[in-house]
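Provided below for reference: sequence and predicted model.
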Amino acid sequence: MSIDFLLNKHESSSRFTCRLCGAEHGDASALRRHQRKAHRTHRCPECNAAFSEKGNMNKHIKAAHQKVRNHRCTEPNCNAAFVFQDGLTRHIAMVHRNVRPFGCPSCDKTFKQRAHAQKHYLSVHQKVRPCVCHCGAGFRENYNLRMHQRTVHKSSH
């Protein structure tokens, strides 16, 4: 479904009005932006997920339903395959080239994933311990809390 049929230019006022909700905009691009955000016009035929652009819907179909993985890693002894080229590019950088683009702001340590850098910073430098035992001991990860409970509080687990 093309979004163009939703455009309705009022001759007298030079305003662009959305035919779906009546919202007025000063130009066609503002109306298109409104329609992409407010009226997701492309629906996946498989799961009915809504998308503002047909290209995004097609990417969703390939990744979620067809699972076609045409982008294959050519490194020796690696069978990794990806739906999109950017997945393959990220794989090669992180796995085979050991690119670690996410650095800790407090030390020289670097990480392959932003979440790992954030977790390191919070737990090592900010001393955040989100997993707390009933005895008050704090741990960075649930696994460490469970091990503590098994060894120190044998009756807990």
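Yep, that arrived.

so residue 105 makes contact with residue 118?
No. In this structure, residue 105 is not within contact of residue 118 by CB atoms under 8 Å, at 10.1 Å. The way it works is simple: take the backbone N, C-alpha and C, and place the C-beta from them, glycine included.

Distance check, the closest residue to residue 38 other than its chain neighbours against residue 113.
Distance criterion CB to CB, 6 or more residues apart in numbering; nearest residue to residue 38, sequence neighbours excluded, is residue 21 at 6.8 Å. As judged by CB to CB, to the nearest Å, residue 21 and residue 113 stand 40 Å apart.

Counting neighbours, go ahead and name the busier of residue 105 and residue 118.
Neighbours were counted for residue 105 and for residue 118 using other CB atoms under 10 Å; residue 118 has more, 13 against 7.

Count the neighbours of the closest residue in space to residue 75 that isn't next to it in sequence for me.
Spatial nearest neighbour of residue 75, excluding adjacent residues (CB to CB, 6+ apart): residue 96 at 5.0 Å. Per other CB under 10 Å, the neighbour tally for residue 96 reads 14.

start the count at 18, not 1, going forward
In the new count, where the first residue is 18, that last one comes out as residue 113.

residues contacting residue 113?
Residue 113 is in contact with 90, 92, 95, counting by CB atoms under 8 Å, 6 or more residues apart in numbering.
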